[in-house]
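Q: here is a sequence together with a model predicted from it:
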Amino acid sequence: MITIICKSMKNLKYSVGIDISMKDFACCLSVINDQQDVKVKASHKFANNKAGFQSLLEWIKSHCKEPLPIAFVMEATGVYHEQLAWFLHGKDQKVSIMLPNKAKKYLQADGNRSKNDKIDARGLAKIGAEKKLELWTPPSKELYTLRDYTRQHQSLNEMRTATANQLHSIEHSQFQNKDIIKQLKSTLKLIEKHLKEMDGIIAKVIKSDPVLNQHHKNICEIKGFSTLSFAVVAAETNGFILFDNAASLVKYAGYDVIENESGKHTGKTKISKKGNSRIRRILHMPALCAVRNDQPQFQKLFKRVYDRTGIKMKGYVAVQKKLLVMMYYLWKKNEKYDPKFDHTKKTIAPAMPGATLDEPLKEALIEQQN
């Protein structure tokens, strides 16, 4: 006779999936047991403000009766997730922030075809329950400040271009309005003044943080990499804190290659451009300079791609991608750029937590400066 012993299932972990927008965020509380079954316990929507954040904790407390670990999972949605992430981190909660493309592909593979706030929150809760996600570590305030300044710099640049184009159009038209020309020239001078001020502010922010300044010195050894280029990439990636490998960074920036081939059909192969356009935009000029300044590894890559495709821009895009990956490895290893160095042949040292003020390194740098 076979005796079957039925054991009661034991819950292992709570997971809270959060789909967040500007005004509110949808939450789903799920629990996973030792049979790997994920069950939804409750769902609710809260206002995206401090009162809503506090209500979330009270709601969690009322539904989590067992003393189990709780994981909070959300997507990196523009800037709308930041206040909640900082609030939860300040309350000693375990927070994981996923890149949107990762969450999207996972949910699609799980069979989700529809999309709304409630479904996305439930999917994120399931991810948090089933997977051991990397915990989010807030980057330094300097990086957040730097991001605001670099985005303002880009806005000013776009305003300058638009104003200059308008001025050129009026100056070459049949009937020229002197008053408008005078105003446009005055506007251009003001924008130029603000751009110079912003350049100084960005440089000052970088120098104010010893860790960030050290990364700046290491990476700007690459010819063509300016302070602004460094600042934009560092700020838009939050010091690479969300990336555990170069491939995920390449996808985030939209440099991942999409092929279009099936049977006898051969379509165009191109980059997805489904990523952070600010990074691609700022790496355009460094790529041109890297090829011109006789840096062998970049020149050879450009020539190889150009010889194969006959399109110069594809060669420059390949160099942009290489520059981004190079910056990633130099940042993670905290090493200075060496034109003869091949990062693929060296093991990565323990990753620094972005540009967060890593105390041991910061103290060492301060001692060196003194």
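A: Sure, I can see it.
Q: phi, psi for residue 257 please.
A: Backbone geometry at residue 257, expressed as degrees, to the nearest 10, gives phi -90, psi 130.
Q: report the beta-bridge partners for it.
A: Residue 257 has these beta-bridge partners by DSSP bridges: residue 271.
Q: I'd say it and residue 251 touch.
A: No: Residue 257 is not in contact with residue 251 according to C-beta atoms under 8 Å; the separation is 10.2 Å. Using the backbone N, CA and C atoms, a C-beta is placed for each residue, glycine as well.
Q: who has more neighbours out of these two?
A: Neighbour count, other C-beta atoms under 10 Å: between residue 257 and residue 251, residue 251 has more, with 17 against 12.
Q: which residues does the more buried one contact?
A: Residue 251 is in contact with 99, 101, 272, 275, counting by C-beta atoms under 8 Å, 6 or more residues apart in numbering.
Q: what do residue 257 and residue 251 both touch?
A: Common neighbours of residue 257 and residue 251 (C-beta under 8 Å, 6+ apart) are residue 272.
Q: separation between the residue nearest the centre of the chain and residue 272?
A: Residue closest to the average C-alpha location in the chain (C-alpha atoms, centre = their mean): residue 237, at 3.5 Å. Distance, residue 237 to residue 272, using C-beta to C-beta, to the nearest Å: 17 Å.
Q: please apply the same query to residue 293.
A: Distance of residue 293 to residue 272, given as C-beta to C-beta: 29 Å.
Q: could I get the buried residue list for the helix or strand hosting residue 161?
A: Counting by DSSP states H and E, the element that carries residue 161 is helix 141-171. For helix 141-171, burial by neighbour count (16 or more other C-beta atoms under 10 Å) applies to 142-143, 145-147, 149-150, 153-154, 156, 159-160, 163, 167.
Q: name the nearest of the residues you listed relative to residue 108.
A: Nearest to residue 108 among those, counting by C-beta to C-beta, is residue 147 at 29.7 Å.
Q: show me the contacts of residue 251 that map onto helices.
A: Using DSSP state H to define helices, the subset of the contacts of residue 251 located there is residue 101.
Q: redo the contacts of residue 251 as JSON lines? Include pLDDT and neighbour count.
A: Compiled in JSON lines, these are given as follows (pLDDT from 0 to 100; neighbours: other C-beta atoms under 10 Å):
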{"residue": "99", "pLDDT": "76", "neighbour count": "17"}
{"residue": "101", "pLDDT": "71", "neighbour count": "17"}
{"residue": "272", "pLDDT": "73", "neighbour count": "14"}
{"residue": "275", "pLDDT": "77", "neighbour count": "20"}
